[in-house]
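Student: I'll drop the sequence and a predicted model, then ask my questions.
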Amino acid sequence: MSSSLARNRDDITRCSICGKAPVGAELPRIVCRRCDTLAFNDAAHPAAVGPGGESGDNPVYIDAKQCWRIYGLGGYVTMLDVNNCRDLEEFCRLNKLAPPPENF
Ligand SMILES: [Zn+2]
């Protein structure tokens, strides 16, 4: 029981900020929802999200670390930026992500 639990733990991708909460592995360095609520924008205000989560601030800063959000239908995903990218396009390129649509 305990050994299988330990093996499973190693398979789980954890939040890039707190290192605790399990997150999806479909995108690089995902930030969990709890850490995401601590995000600030460029103006040092709590990061805002538009109606439906389809647009909002970018980049955002969590624990003084730069992160980028990919907004889309049904919400958004926040990812830690370890390359200090200048914009979302560069972040997507360096992380081999599909560039976000200009107008959604
Ligand atoms: Zn977290």
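Tutor: Everything's here; your move.

Student: Residue 61 is in contact with residue 39, isn't it?
Tutor: Yes: applying C-beta atoms under 8 Å, one finds residue 61 in contact with residue 39, separated by 6.7 Å. C-beta: built from backbone N, CA, C; applies to glycine.

Student: Between these two, which is the more surrounded one?
Tutor: Neighbours per residue (other C-beta atoms under 10 Å) separate residue 61 from residue 39, with residue 39 holding more: 23 against 17.

Student: which residues sit in contact with the more buried one?
Tutor: Contacts for residue 39 were tallied using C-beta atoms under 8 Å, 6 or more residues apart in numbering; they are 46-47, 57, 60-62, 67, 78.

Student: Now render these as JSON lines, adding pLDDT and secondary structure.
Tutor: As requested, the contacts of residue 39 are exported to JSON lines (pLDDT from 0 to 100; DSSP: H, G, I helix; E, B strand; the rest coil):
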{"residue": "46", "pLDDT": "97", "secondary structure": "strand"}
{"residue": "47", "pLDDT": "97", "secondary structure": "coil"}
{"residue": "57", "pLDDT": "96", "secondary structure": "coil"}
{"residue": "60", "pLDDT": "98", "secondary structure": "strand"}
{"residue": "61", "pLDDT": "98", "secondary structure": "strand"}
{"residue": "62", "pLDDT": "98", "secondary structure": "strand"}
{"residue": "67", "pLDDT": "98", "secondary structure": "strand"}
{"residue": "78", "pLDDT": "97", "secondary structure": "strand"}
